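> Make a model of this:
(2 chains)
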Amino acid sequence: MKWDEFFVTGEPMIYAADVSIVLVSLAIVIGLTYFKKWGYLWREWLTTVDHKKIGIMYILSALIMLFRGGVDALLMRAQLAVPDNKILDAQHYNEIFTTHGVIMILFMAMPFVIGMMNVVVPLQIGARDVAFPRLNAVSFWMFFMGAMLFNISFVIGGSPDAGWSAYFPLASLEFSPTVGNNYYSLALQISGIGTLMTGVNFIVTILKMRAPGMKLMRMPMFTWSVLITNVIILFAFPVLTVALALMMFDRVFGSQFFTMANGGMDMLWANLFWVWGHPEVYIVILPAFGIFSDVISTFSKKNLYGYKSMVISMVAISVLSFLVWAHHFYTMGQGAMVNGFFSITTMAIAVPTGVKIFNWLFTLRKGKISFTSPMMYAMGFIPIFTIGGVTGVMLAMASADYQYHNTMFLVAHFHYVLIPGTVFGVLAGMHYWFPKMFGFRLNERLAKTAFWLIIVGFNVAFMPLFFLGLNGMTRRMYTYSANTGFGPLNMIATIGALVLAIGFVVLCYNFFYSFRHSPRNEGGDPWDARTLEWSTPSPVPVYNFAKVPVVKDEDAFWHAKKHNVPLYEEGPYEEIHMPNNSGQPFILGVIMFFLGFFLVFSWFIPAIIAGIGVVVMLAVRSFERDHGYHISPKEIAATEQKLRGDTV
Amino acid sequence: MKINDTLPLEYRTEENSNKIFGFWLFLGAEIALFSTLFAVYFTLWNRTGSGPTGKELFEVGGVIWETFLLLTSSFTCGLGIHAMRLGLKKPMMIFFIVTLLMGLGFLGIEITEFVNYVHEGATLQTSAFLSSLFVLLGTHGLHVTMGILWGAGILIQVGRQGFTPETANKSFIFSLYWHFLDVVWIFIFSFVYMKGLM
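Reported below is the predicted structural model:
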């Protein structure tokens, strides 16, 4: 590493980024100091172990990353808008499609989904927090520091440039000599470990901490989807951990796993990556399915059609998700038998997914539908996602895939599943549960404006890519000549991308608008909803439930409202045991950040010191004797009185 | 806090029984992790390039000692938990100390073996086979190292505080981890060393 290569130089856009990073950091520091908010930030957020606050921090980080990934997307679309464009050179384009993919999947979709889980799941099952609140904070800070480590690659050392799938031998030291792919392996490693711990945490929470009477088959569908998602996380993420570790060994320590000589096997990487990578797709899509199920049932005023078949189809998807990975490289020559097997398993996934689509449609049938903003996203999702699904079945046919492979058709397909699926899902969830998080609803008019901009912009941006792909435009090509005829459709796609971007700006403006103008005091249940989280006051007190609810039916809160039966047993409040806040997860995250940073540059002595720091933090935690604190019945009564205006 | 006195000490509070369940799940993830490492090894074990093969490299002597030490340490670890269930602090601590010492012995032999390999010119960089061998064994060895540090920390806490729900819980979870390392070693012994020597 030469010192003059430490900072990325030579690009006006990079210098602009440097300046804006310095300015924003200064603004944050000065702002916090001026308004005397350092203590508030530390006490209420950085040290919190409250699942609701951790969830909000996840969602906030995801939104920031959505904009980072979104700017990458706009740069790509700008470059491709006209033939022979010169906005980006080939190297810069490579870096941008790589960071766009990594950030959107791992640092936008994942934290958004996990943020939703954090905010909602304990409330839906009648629990006071997740099973391991401290571990939950560690998960968050590992994710956050991993994301930050990945993002600084932009200005320090250079971004990864071998695609988000980082195939070898391209990603090897020989062909990608900058530190970019070291960032890739280490940043993903750090945040991946955080995700794995989230998996353990939520499985225990859902299986062990449900309110009395909430049998497994009475759980809200979102909770079911989160349970299944976390089982997938538990078995898929260790594969990523190994794959990234081997990548790091190859690049930093010169091992021979994926090399072209000395027995290395480059295809091993592709297999390991997709053994994790395909389940990962379902990790981000199943919770969205769960959100849509809850939203559609709430705003149709009906219980979910085919509850059992919903659960069975999700379990089927989770099993199949581990059996389809080779469909990502049909063209790499593993033979007709292997391709045939993976072709059939891939097409089989369409069956349980189809079952779910029909269940949603039957839930809507004869329902009293109200077109709120979350419901609009759910309504938009069903037809568009079906287009994504059907083109997926086209791609699943191994022989036909030789035509589609690595073309814009594929790019259009996965955006048609991930955006209406995951992104619409988390946006529906965000609008739906926003009053639960903050105590007021987002403005419906602005939310619907944003929705229409997003859905129209999305289709204009991605529909042309299907046709470009069929016409032979491959993905990841940074420019094309005018006589290919790709120009007009690319221009349309770029215009669509701009509309989509405006939609997201309106969506974010809505936060500020609603913060100023939305009515407060709408009570805990503004949507007249069905599940337990709506039985709590909004925003939710730190202990969630003053008394643990007793569940008698599916859609427990709806049951209690309609049959006018109490959700809670009679009797006085009991003392509530809560975990203490702690700064350790944050400090551990910071140390992990530096450990990763030093390893990126192969600075081994500082890395060893940081590694010792990690072990010391683990020991500190082991020797700590922290029994939490108790909230007295008197305090609970006072809080409930203030929030509900009643005495239970 | 709900306390169920009919259960063993380490299970009594809800929080502690959740921790044990959570650790079982974590071990599930560990199985996925080691399965992947084994899959990598099985893919690469014949791809020796210009480096030595397993047959030329492996020596039975050290491996038998490693196996003996680790399997016995798993047994003494079980005896330690048995003593804990009976409320016998001193025997429990002695069994745990024996366990950790045997773990250290195992590590000593493994490190010596690694040094020998490197002296024979078989390094991480030599061939794909050796890369996968070193990373598979090294990951297991790293787990043993972390286990020794962790176990030592728990021993100090048991020594200071005696058997409380917390220390009993930690000791029990540590024992699950230690037995798991033993299980992984049985696979390494069978499918790396025995298969390699055949």
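> Could you pull out the helices in the stretch 151-300 of chain A for me?
Using DSSP state H, counting those that start in this stretch, the helices of the stretch 151-300 of chain A run over residues A:180-208, A:221-252, A:266-300.
> okay but residue A:117 is in contact with residue A:226, surely?
Yes. Using CB atoms under 8 Å, residue A:117 makes contact with residue A:226 at a distance of 4.9 Å. All C-beta spots, glycine's among them, are computed from the backbone N, C-alpha and C.
> Reformat the helices of the stretch 151-300 of chain A as a markdown table; add distance to residue A:78, mean pLDDT and mean neighbour count.
Listed next are the helices of the stretch 151-300 of chain A as a markdown table, based on distance: least, CB to CB, whole Å; pLDDT from 0 to 100; neighbours: other CB atoms under 10 Å in any protein chain shown:
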| stretch | distance to residue A:78 | mean pLDDT | mean neighbour count |
| --- | --- | --- | --- |
| helix A:180-208 | 22 | 96 | 25 |
| helix A:221-252 | 31 | 96 | 24 |
| helix A:266-300 | 27 | 96 | 24 |
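> of all these, which lies closest to residue A:434?
Nearest to residue A:434, of all the helices of the stretch 151-300 of chain A, is helix A:266-300, at 12.6 Å by CB to CB.
> now the following helix or strand past that closest one: how far from the chain's centre is it?
The helix or strand immediately downstream of helix A:266-300 is helix A:307-320, counting by DSSP states H and E. Centroid separation for helix A:307-320 versus its chain: 21 Å, with CA atoms, centre = their mean, to the nearest Å.
> Just want the angle from helix A:307-320 to helix A:266-300.
170 degrees (axes from the mean of the first three to the mean of the last three CA atoms, to 10 degrees).
> got the buried residues for helix A:307-320?
By 16 or more other CB atoms under 10 Å in any protein chain shown, the buried positions in helix A:307-320 come out as A:307, A:310, A:311, A:313, A:314, A:316, A:317, A:318, A:320.
> How many neighbouring residues does residue 99 have?
Defaulting to chain A. For residue A:99, the count of nearby residues is 26 (other CB atoms under 10 Å in any protein chain shown).
> other chain: chain B
27.
> ok, back up a step: now the common contact residues for residue A:117 and residue A:226.
A:202, A:287 (CB atoms under 8 Å, 6 or more residues apart in numbering or on different chains).
> same for the one helix or strand residue A:113 maps to, what does it pack against?
Assigning secondary structure by DSSP H and E places residue A:113 in helix A:110-124. The contact analysis (3 or more CB pairs under 8 Å, 6 or more residues apart in numbering or on different chains; DSSP states H and E) places helix A:110-124 against helix A:51-80, helix A:133-152, helix A:180-208, helix A:221-252, helix A:266-300, helix A:424-438.
> Output the contacting helices and strands for the fifth one.
Translated: helix A:266-300. Counting contacts by 3+ CB pairs under 8 Å, 6+ apart, helix A:266-300 packs against helix A:110-124, helix A:221-252, helix A:307-320, helix A:350-364, helix A:373-396, helix A:424-438, helix B:14-44.
> Would you convert these into CSV that also reports distance to residue A:96?
Shown next, in CSV, are the helices and strands packed on helix A:266-300 (distance: least, CB to CB, whole Å):
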stretch, distance to residue A:96
helix A:110-124, 20
helix A:221-252, 21
helix A:307-320, 32
helix A:350-364, 32
helix A:373-396, 24
helix A:424-438, 23
helix B:14-44, 31
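> Can you check which of these gets nearest to residue A:158?
Nearest to residue A:158, of all the helices and strands packed on helix A:266-300, is helix A:221-252, at 13.6 Å by CB to CB.
> by how many degrees do that closest one and helix A:424-438 diverge?
Note on geometry: by the same axes, to 10 degrees, helix A:221-252 and helix A:424-438 are set 110 degrees apart in direction.
> anything in the lengthiest helix in chain B near chain A?
Looking across chain B with DSSP state H, the single longest helix is helix B:128-161. Yes. Using CB under 8 Å from any CB of the partner chain, helix B:128-161 reaches chain A at B:128-132, B:134-135, B:149-150, B:153-154, B:156-157.
> so what does that helix touch, helix or strand wise?
So helix B:128-161, by 3+ CB pairs under 8 Å, 6+ apart, packs with helix A:221-252, helix A:604-623, helix B:14-44, helix B:89-119, helix B:165-188.
> Make JSON lines out of those and add distance to residue A:23.
JSON lines is the format used below for these (distance: least, CB to CB, whole Å):
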{"stretch": "helix A:221-252", "distance to residue A:23": "33"}
{"stretch": "helix A:604-623", "distance to residue A:23": "28"}
{"stretch": "helix B:14-44", "distance to residue A:23": "42"}
{"stretch": "helix B:89-119", "distance to residue A:23": "50"}
{"stretch": "helix B:165-188", "distance to residue A:23": "48"}
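> So which of these is the most surrounded?
With neighbours defined by mean count of other CB atoms under 10 Å in any protein chain shown, none of the helices and strands packed on helix B:128-161 is more surrounded on average than helix A:221-252, at a mean of 24.
> do that helix and chain B meet at all?
Yes. Interface with chain B: helix A:221-252 contributes A:234-239, A:241-243, A:245-246, A:249-250 (CB under 8 Å from any CB).
> Ok, which of the helices and strands packed on helix A:110-124 comes nearest residue A:475?
Comparing the helices and strands packed on helix A:110-124 by CB to CB, helix A:51-80 comes nearest, at 10.5 Å.
> Tell me which helix or strand comes right after that closest one.
Counting by DSSP H and E, what follows helix A:51-80 is helix A:90-102.
> For that next one, buried residues please.
A:92, A:93, A:94, A:95, A:96, A:97, A:98, A:99, A:100, A:101, A:102.
> Residue A:428 reaches residue A:292, doesn't it?
Yes. Between residue A:428 and residue A:292 there is a contact at 6.6 Å, judged by CB under 8 Å.
> Need the residues touching each of those two.
Listed contacts common to residue A:428 and residue A:292 are A:378, A:381; contacts here mean CB under 8 Å, 6+ apart.
> For residue A:639, which residues are in contact?
Taking CB under 8 Å, 6+ apart, one finds A:541, A:546 in contact with residue A:639.
> same thing but 10 Å
Residue A:639 makes contact with A:537, A:541, A:542, A:543, A:546, A:573, A:631, according to CB atoms under 10 Å, 6 or more residues apart in numbering or on different chains.
> Looking at the residues you listed, which are in strands?
residue A:631 (DSSP state E).
> Which one of the contacts of residue A:639 is nearest to chain B?
The closest of these to chain B turns out to be residue A:631 (CB to the nearest CB; 13.3 Å).
> Where does chain A get nearest to chain B, residue-wise?
For chain A, CB to the nearest CB, closest residue to chain B: residue A:263, 3.1 Å.
> Tell me if I'm right that that residue and residue B:133 touch.
No. With contact defined as CB atoms under 10 Å, residue A:263 does not reach residue B:133; the gap is 11.7 Å.
> and the closest residue to chain A within chain B, how many neighbours?
Of all residues in chain B, residue B:47 sits closest to chain A, at 3.1 Å by CB to the nearest CB. For residue B:47, the neighbour count with other CB under 10 Å is 19.
> In space, what's closest to residue A:594 - neighbours in sequence excluded?
residue A:610 (4.8 Å; CB to CB, 6 or more residues apart in numbering or on different chains).
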